[in-house]
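[1] sequence first, predicted model second:
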Amino acid sequence: MMRTFKIWTYKEGDIPLMHNGPMKYIYSIEGDFIEEMERKGNPMVATHPDEAHAFFIPISITKIVYFLHTPAESIGFFERMQAIVEDYIGVIAQRYPYWNRSNGADHFFVSCHDWGPFVSRGNPKLFENFIRVLCNANSSEGFIPSRDVSMTEINTPVDNIPIMSNGQSPYNRSVLAFFAGGNHGVVRENLFQHWGNKEDNDIQVYSYLPKGKNYTELLGQSKYCLCPSGYEVASSRVTEAIYHGCVPVIIKDHYVLPYSDVLDWSQFSVQVPVNKIQDLKRILEEIPYSKYIEMQKRVIQVQRHFSVNIPAKPYDVLHMILHSVWLRRLNVLLRHVPN
C-alpha cells in the first residue's frame, strides 16, 4: 500500500474550518490525520491529482462545531453544518473531474466528532458512495462497513502524544475489571445501576475516582477494562485500555470495531451485549485464565496499530486508517468524464 497508494488533498478552503483540526483531547485523531495528509515529505501524498487513487476532503467537523455552534443556534445547526460540506463538494466537483467520474466513491473525509455522521443525512444521494471515516461508527445510525471506515477515538494529552505502557504483568493484576467515567447514556446508566459504587473489589466502577486512586494506575492494575457506550458508541476507553495492556471489554450495541478488516478483535478483547451487563462478573470469571493470558499478550502485540506518530510510522494508527480507505478504494470503478 505505502509504495503505490497516492492521495490528493484538496487545497480549496481556509483555516480554521479546513486544513486544520484538533490535536488534543478526544477528537485529536481528526487533526492528526489532517496534519499527516498535508505534511511535506509524506510518501503517500500525490504530487498531482491525476496520479491520485483517492481524494481527501480536509474539512474538520470538530472545528466547524467549535467556531460556529452556539447554544442559541442549536436549531438548524446540523443543516448549516451539512451545507458547508455540500458547498465544498460543489466547488471541487465544478473545478475538477474526479468527484463526478466516481460519484464521490474515491473521496473521503475524517471526522471523530459525534456529529460527523450527521453531515451526510441531509443529502443522502450526494453521499451515497462517499467514504466516511468516523469514530462514531454506529451501524444502526447509517454506518455502512463496506463503504465507511471505523477509526479509534484517542484522548491525547495537552503536552504530548499518547504514551504506551504495558502496565503490571498480567500475573500481577489484582482488579478483575475497571471503569471510571461519566454516568451518561443508557448503557452506562445500566452499568452503574448494577456495578457502580458497589463493595466489590473485583468489578470497580466509578463516576468519580475515590481519593487516593489513580486512573492510569488502575488501568495498569486491571485484567479487563470496561468500555461502555456513552451518549454515542465512540469512546477513547478502548485505546486507553490497549495502551495499558488491559483487555478491553466492549459493551456497545451496533458498534463496528475499528480496522476489523485486518484485526480479529475476538483475539484481544471481550464483547458483552448490553443486555448482559448484570452478568458481567460471571462472564469474565468464566474466561479461562490461560485464555486471558493469551488475550493480554495479543493486546501488547496490537498496541502499535493504535499508536500515534507524527510523522506516521508503518503499521501505526494513521496507516491503519489509510489501509482501511485503500481497501474500500479497491472496489471503485472509475468512468471517464470529459473535461
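    Great, that's in hand. Residues are numbered from 1 along each chain as shown.

[2] got the contact list for Phe56?
    Residues near Phe56 by C-beta atoms under 8 Å, 6 or more residues apart in numbering: 7-10, 37, 107-110. Backbone N, C-alpha and C define where each C-beta goes, glycine included.

[3] okay, and the beta partners of it?
    Listed beta-bridge partners, Phe56: Thr9, Phe108 (assigned using DSSP bridges).

[4] would you mark the buried spots in stretch 307-323?
    Within stretch 307-323, the residues that count as buried by 16 or more other C-beta atoms under 10 Å are 307-308, 312, 316-323.

[5] what packs against the strand or helix carrying Glu30?
    Using DSSP states H and E, Glu30 falls within helix 28-37. With contacts taken as 3 or more C-beta pairs under 8 Å, 6 or more residues apart in numbering; DSSP states H and E, helix 28-37 sits against helix 61-68, strand 107-111, helix 317-329.

[6] what does that helix contact?
    With C-beta under 8 Å, 6+ apart as the criterion, helix 28-37 contacts 7, 9, 19-23, 42, 45, 56, 58, 60-62, 110-113, 133, 135, 151-156, 308, 310-312, 317-318, 321.

[7] which stretches of this protein form strands?
    7-9, 54-56, 107-111, 131-134, 149-150, 175-180, 203-206, 222-228, 247-251, 270-271 (DSSP state E).

[8] can I get the ones you listed in TSV with mean pLDDT and distance to Leu334?
    Formatted as TSV, the strands of the chain follow (pLDDT from 0 to 100; distance: least, C-beta to C-beta, whole Å):
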stretch	mean pLDDT	distance to Leu334
strand 7-9	98	14
strand 54-56	98	11
strand 107-111	98	12
strand 131-134	98	14
strand 149-150	98	20
strand 175-180	97	47
strand 203-206	95	51
strand 222-228	98	39
strand 247-251	98	37
strand 270-271	98	38
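
[9] and of the ones you listed, who's closest to Arg188?
    Closest to Arg188 of the strands of the chain, according to C-beta to C-beta: strand 222-228, at 5.2 Å.

[10] picking that back up, need the helices and strands packed on helix 28-37 in JSON lines with distance to Thr216, can you?
    Converted to JSON lines, the helices and strands packed on helix 28-37 look like this (distance: least, C-beta to C-beta, whole Å):
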{"stretch": "helix 61-68", "distance to Thr216": "25"}
{"stretch": "strand 107-111", "distance to Thr216": "28"}
{"stretch": "helix 317-329", "distance to Thr216": "20"}
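
[11] tell me the most buried of these?
    Comparing the helices and strands packed on helix 28-37 by mean neighbour count (mean count of other C-beta atoms under 10 Å), strand 107-111 comes out on top with a mean of 26.

[12] what does it contact?
    Residues outside strand 107-111 that contact it (C-beta under 8 Å, 6+ apart): 29-30, 33-34, 54-62, 85, 98-99, 117, 119, 130-135, 149, 151, 321, 325.

[13] between helix 28-37 and that strand, find me the angle.
    Orientation note: strand 107-111 sits at an angle of 140 degrees relative to helix 28-37 (axes from the mean of the first three to the mean of the last three C-alpha atoms, to 10 degrees).

[14] domains for the protein, by residue range?
    7-157+308-329, 170-306 (automatic domain parsing).

[15] tell me where this structure has helices.
    All helices of the chain, identified by DSSP state H, fall at 28-37, 61-68, 77-95, 98-102, 186-195, 215-221, 237-243, 280-285, 289-302, 317-329.

[16] residues of the fourth one that come out buried?
    Applying a neighbour-count criterion of 16+ other C-beta under 10 Å, the buried positions in helix 98-102 are 98-99, 101-102.

[17] dump these into TSV; add distance to His194 as well.
    Formatted as TSV, the buried residues of helix 98-102 follow (distance: C-beta to C-beta, whole Å):
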residue	distance to His194
Tyr98	52
Trp99	49
Arg101	53
Ser102	48
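
[18] dump the residues you listed to CSV, plus pLDDT and distance to Phe143.
    Shown next, in CSV, are the buried residues of helix 98-102 (pLDDT from 0 to 100; distance: C-beta to C-beta, whole Å):
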residue, pLDDT, distance to Phe143
Tyr98, 97, 24
Trp99, 97, 22
Arg101, 95, 25
Ser102, 95, 21
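
[19] picking up where we left off before, what's the farthest-apart pair in the buried residues of stretch 307-323?
    It's Val308 and His323 that sit farthest apart of the buried residues of stretch 307-323, by C-beta to C-beta, at 15.6 Å.

[20] and the contacts of strand 107-111, which of them are buried?
    By 16+ other C-beta under 10 Å, the contacts of strand 107-111 give 29-30, 33-34, 54-62, 85, 98-99, 117, 119, 130-135, 149, 151, 321, 325 as buried.

[21] closest one of the buried residues of helix 98-102 to His184?
    Once C-beta to C-beta is applied, the member of the buried residues of helix 98-102 that ends up nearest His184 is Trp99, at 38.4 Å.
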